[in-house]
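# Structure for the following, please:
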Amino acid sequence: MRMKYRFTALATWILALLLAGCAQTGTVPSRVLPTSESPVPRPQPSSVGRDIATQSDESETRRRARIRLELATAYYTRGDLRTALDEVKQVLAIEPGFSDAMELRGLIYDLMGEPVLAEESFRRASQLDPRNGSVSHNHGWYLCRKQRYTEADAMFDRALTLPSSVSPAKTLLVKGVCQMRDGRATDAEKTLARAYEQEPSNPATAYNLALALYVNGNVERARFYIRRVNNVPEQANPESLWLGIRIAHKLHNSAEKEELASLLRNKFPNAREINSLELGRFDE
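Residues are numbered from 1 along each chain as shown. Below is the predicted model:
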């Protein structure tokens with residue numbers, strides 16, 4: 001029986017904007033982490049005379065492997081990569097064909113700076129379970145960060161066609177961010193607009209869509225989306241406020257520019273954006 005684990009590129013607002021990057025490349029999730037969701041059985045095709053597989057059908061071997069994988073995931077989430085890797089090795093010793101463990105192995109090796117082992121793991125996970133969209137999503141994000149943008153695009157497109165623990169909106173988000181990194185702002189705008197349509201409440205999507213629109217010269221539309229972020233105090237951060245300031249500057253909206261600048265200075269006095277603000281580097 002197939003037990004799925006949730007290894008996703010986080011699209012929460014805080015992590016999505018932690019990674020520093022110039023305004024032309026967009027802001028993206030800085031790490032790929034598993035979520036804390038409990039494993040959920042993937043429904044199996046039913047046929048005449050056969051029951052749908054449920055958790056009680058889980059073999060003893062898979063149960064032992066699953067428990068080990070849950071432990072590995074917990075260590076990984078806490079950043080204890082070596083212990084997580086050791087647990088993953090034990091999972092694969094119990095059940096070598098457990099693709100979720102191989103996927104986590106790839107994420108761990110990626111963070112450990114072992115690209116050959118990371119890519120080998122993602123490819124092997126995909127071979128073990130070709131219908132796992134989560135693997136394609138995370139492999140795509142890995143390829144994007146290696147500046148292999150064409151391959152990343154193809155992997156994200158594949159993820160969008162497969163069953164996955166990652167929502168299509170989040171795959172579209174990271175795909176759009178990667179297109180921005182590749183200098184394809186027009187494509188990124190279209191992709192991020194699709195992500196926003198599917199998940200308008202995600203501030204990371206609103207921010208990155210605003211950035212793409214700004215780069216493409218659609219400044220008034222960019223203002224609409226960045227205001228949706230900055231108007232919620234819990235969501236606004238240095239990057240979003242700075243983009244709002246740049247947009248207001250471009251629109252010659254002095255009042256809004258000063259309001260946002262005041263918020264940036266008061267809430268984030270040590271932010272690097274303060275230096276750009278004081279030097280008037282609005283177009284960099």
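
# all helices for the stretch 101-250 of the chain, in order.
With helices called from DSSP state H, counting those that start in this stretch, the stretch 101-250 of the chain shows them at 115-128, 133-145, 149-160, 168-181, 185-198, 203-215, 219-230, 238-250.

# Could you provide these in a markdown table, with additional columns for mean pLDDT?
Formatted as a markdown table, these follow (pLDDT from 0 to 100):
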| stretch | mean pLDDT |
| --- | --- |
| helix 115-128 | 96 |
| helix 133-145 | 95 |
| helix 149-160 | 97 |
| helix 168-181 | 97 |
| helix 185-198 | 98 |
| helix 203-215 | 97 |
| helix 219-230 | 98 |
| helix 238-250 | 98 |
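
# Present the ones you listed as CSV; the columns should include distance to residue 278 and mean neighbour count.
Quick note: C-beta positions are derived from backbone N, CA and C, even for glycine. As requested, those are exported to CSV (distance: least, CB to CB, whole Å; neighbours: other CB atoms under 10 Å):
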stretch, distance to residue 278, mean neighbour count
helix 115-128, 39, 18
helix 133-145, 32, 25
helix 149-160, 35, 19
helix 168-181, 26, 26
helix 185-198, 27, 20
helix 203-215, 21, 27
helix 219-230, 20, 20
helix 238-250, 12, 24
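
# Could you save those as TSV and add columns showing distance to residue 279?
Shown next, in TSV, are the helices of the stretch 101-250 of the chain (distance: least, CB to CB, whole Å):
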stretch	distance to residue 279
helix 115-128	37
helix 133-145	30
helix 149-160	32
helix 168-181	24
helix 185-198	25
helix 203-215	19
helix 219-230	21
helix 238-250	12
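
# nearest to residue 107, of these?
Residue 107 lies closest to helix 133-145 among the helices of the stretch 101-250 of the chain, at 6.4 Å (CB to CB).

# Tell me which other helices or strands the closest one touches.
Applying 3 or more CB pairs under 8 Å, 6 or more residues apart in numbering; DSSP states H and E, we find helix 133-145 packed against strand 7-9, strand 32-34, helix 99-111, helix 115-128, helix 149-160, helix 168-181.

# The ones you listed into JSON lines, with extra columns for distance to residue 223?
Shown next, in JSON lines, are these (distance: least, CB to CB, whole Å):
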{"stretch": "strand 7-9", "distance to residue 223": "27"}
{"stretch": "strand 32-34", "distance to residue 223": "31"}
{"stretch": "helix 99-111", "distance to residue 223": "36"}
{"stretch": "helix 115-128", "distance to residue 223": "39"}
{"stretch": "helix 149-160", "distance to residue 223": "28"}
{"stretch": "helix 168-181", "distance to residue 223": "18"}
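
# about what we covered before: with respect to residue 65, which of the helices of the stretch 101-250 of the chain lies nearest?
helix 115-128 (12.8 Å).

# Would you mind writing the CA trace of that closest one as CSV?
Output of helix 115-128 as CSV, limited to C-alpha atoms (Å, rounded to 0.1, in the frame of the first residue of the first chain):
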residue,chain,number,x,y,z
PRO,A,115,24.3,17.8,-5.8
VAL,A,116,25.2,14.5,-7.5
LEU,A,117,23.7,12.5,-4.7
ALA,A,118,20.7,14.8,-4.5
GLU,A,119,19.9,14.5,-8.2
GLU,A,120,20.5,10.7,-8.2
SER,A,121,17.9,10.5,-5.4
PHE,A,122,15.3,12.5,-7.1
ARG,A,123,15.7,10.5,-10.3
ARG,A,124,15.5,7.2,-8.4
ALA,A,125,12.4,8.4,-6.5
SER,A,126,10.7,9.2,-9.8
GLN,A,127,11.6,5.8,-11.2
LEU,A,128,10.2,4.1,-8.1
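
# Which strands or helices does that helix pack on?
helix 99-111, helix 133-145.

# For residue 127, find the nearest of those helices.
Closest approach to residue 127 among the helices and strands packed on helix 115-128 is made by helix 99-111 (8.2 Å; CB to CB).

# tell me the mean pLDDT over that closest one?
In this model, helix 99-111 carries a mean pLDDT of 96.

# Then stretch 254-264?
98.

# List the buried residues in it.
256, 257, 259, 260, 261, 263, 264 (16 or more other CB atoms under 10 Å).

# any idea how far it is from the chain center?
30 Å (CA atoms, centre = their mean, to the nearest Å).

# what do you get for stretch 106-119?
Taking mean C-alpha positions (CA atoms, centre = their mean), stretch 106-119 and its chain are 17 Å apart.
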